[in-house]
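Q: got a predicted structure plus its sequence, pasted below:
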Amino acid sequence: MARIPQNMGGRAKPKLDKAVREQIAEYLLSGYAPEQVIQILVDRGFGLPVARSEVNKASSSPYLQAGHRYVNRAKKRSWFLEIQAKLWRNKEASKAIPIIDSKDMNSKRFFEEFYANNTPVLIKNMVSHWPAMRRWNLDYFEENLGDAKIEVQFDRDSNSKYELDSIKHKKVMSFGEYISLLRKGEETNNYYVTANNGNTNAQALSRLWDDTEHMQGYLTKEKTPGFLWMGPKGTLTPFHHDLTNNFLLQIVGRKQVFLSPGFEVDRMRNSRHCFSDWSIDVEAAGRAEMNRRPGLVECVIEPGDVLFIPVGWWHYVKGLDMTFGMSFTNFVVDNDFYSMYSTYEQV
């Protein structure tokens with residue numbers, strides 16, 4: 001919540017404008033008592049009579065009373081989510097992501113046991129037979145696609161909100177130039193080919209799809225239905241949730257993935273759209289934070305593995321090595337959850 005402007009000594013008194021009135025409403029709707037809000041205004045330099053009059057006016061407004069009803073409805077929904085979180089934490093599923101070898105998995109089991117139940121699963125060796133597993137390396141890329149013009153998420157270290165501001169970080173370069181960066185072998189999050197560059201790179205690097213094979217029974221058969229992920233050791237994708245179910249697979253290198261169920265939305269501190277203000281680094285703040293820690297499960301995706309990330313699940317991904325991978329959303333069953341999503345900029 002943004003703060004009501006502070007009156008700095010010797011400066012003009014703050015104005016009781018639209019922004020301040022919005023803040024008064026937010027404080028009241030979030031549970032602050034009127035006297036608390038009045039004191040906040042006084043501390044910010046507003047006179048007591050003005051502060052009291054404005055807060056009393058806001059408190060008695062029929063608009064604010066309607067707002068309280070909606071807040072209480074949201075609290076009821078949060079209660080249901082908290083029930084799910086509490087029950088989930090007592091399940092074995094909250095201790096670790098299920099790991100199943102591809103020979104023990106089939107599409108019927110996958111869709112009934114995991115997809116329909118919104119449950120992640122790590123499928124080992126699912127794409128180990130793909131030609132990409134043998135071919136994909138820096139020399140192969142440079143020899144076959146070095147002149148291709150690709151799009152990269154670049155200069156990410158200059159902006160802590162590089163995912164929120166992903167459009168600002170798009171840069172076009174030749175694939176050969178990007179390969180030269182990867183040859184440095186440095187550990188960095190500064191440059192990364194991600195799904196945010198999907199449309200451009202699907203065309204520029206379409207030849208790479210010839211090194212893949214159709215996942216019969218799981219995905220629809222399309223020429224380039226997925227997204228490429230290519231980056232050095234140290235790449236990070238901060239906690240967020242997707243609006244579709246996803247297959248995330250590795251061809252080269254390993255990725256560490258932390259996941260948390262969608263019903264942990266409050267502890268994830270959803271700030272805008274699908275992004276989270278919570279970070280694994282929060283744990284360094286000490287035990288006082290632990291009661292606000294979302295439930296997490298963790299796994300490492302190795303070459304040949306496929307991780308199913310259910311729609312709405314929060315996930316954080318770190319490159320443990322230089323990594324080449326892909327992700328797919330074109331499942332053979334209904335995967336349209338974005339049509340019912342309407343809060344892109346409202347949270």
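A: Okay, I see it.

Q: so, low pLDDT: which residues of the stretch 201-347 of the chain?
A: 223-224, 280-291, 345-347 (pLDDT under 70).

Q: ok, 80 please
A: The stretch 201-347 of the chain contains residues with pLDDT under 80 at 222-225, 271, 280-292, 343-347.

Q: how about the stretch 1-150 of the chain?
A: 1-13.

Q: show me where it has strands.
A: According to DSSP state E, counting those that start in this stretch, the stretch 1-150 of the chain carries its strands in the segments 99-101, 121-124, 149-154.

Q: so which of those is nearest residue 141?
A: Nearest of the strands of the stretch 1-150 of the chain to residue 141, taken as C-beta to C-beta: strand 149-154 at 10.2 Å. C-betas here are computed from N, CA, C, even on glycine.

Q: tell me the gap between the closest one and the middle of its chain.
A: 20 Å (C-alpha atoms, centre = their mean, to the nearest Å).

Q: what's the answer for stretch 295-308, then?
A: 16 Å.

Q: select the longest helix from this protein.
A: helix 62-89 (DSSP state H).

Q: for residue 142, give me its contacts.
A: 175-176, 179 (C-beta atoms under 8 Å, 6 or more residues apart in numbering).

Q: roughly how far does the nearest residue to residue 319 once chain neighbours are set aside sit from residue 194?
A: Closest residue to residue 319 apart from its sequence neighbours, by C-beta to C-beta, 6 or more residues apart in numbering: residue 235 at 4.0 Å. Per C-beta to C-beta, to the nearest Å, residue 235 is found 8 Å from residue 194.

Q: who's more crowded, these two?
A: residue 235 (26 against 23; other C-beta atoms under 10 Å).

Q: what does that one show for phi and psi?
A: phi -70, psi 150 (degrees, to the nearest 10).

Q: check the secondary structure at the most centrally placed residue in the chain for me.
A: The structure's the chain has its C-alpha centroid closest to residue 240; by C-alpha atoms, centre = their mean the separation is 1.3 Å. Using DSSP: H, G, I helix; E, B strand; the rest coil, the structure places residue 240 in strand.

Q: touching, it and residue 163? I think so.
A: Yes - using C-beta atoms under 8 Å, residue 240 is in contact with residue 163, at 6.8 Å.

Q: what residues are shared contacts of these two?
A: residue 275.

Q: all the helices of this structure, residue numbers only.
A: With helices called from DSSP H, the chain shows them at 18-29, 34-43, 48-59, 62-89, 107-110, 132-135, 138-145, 175-183, 198-204.
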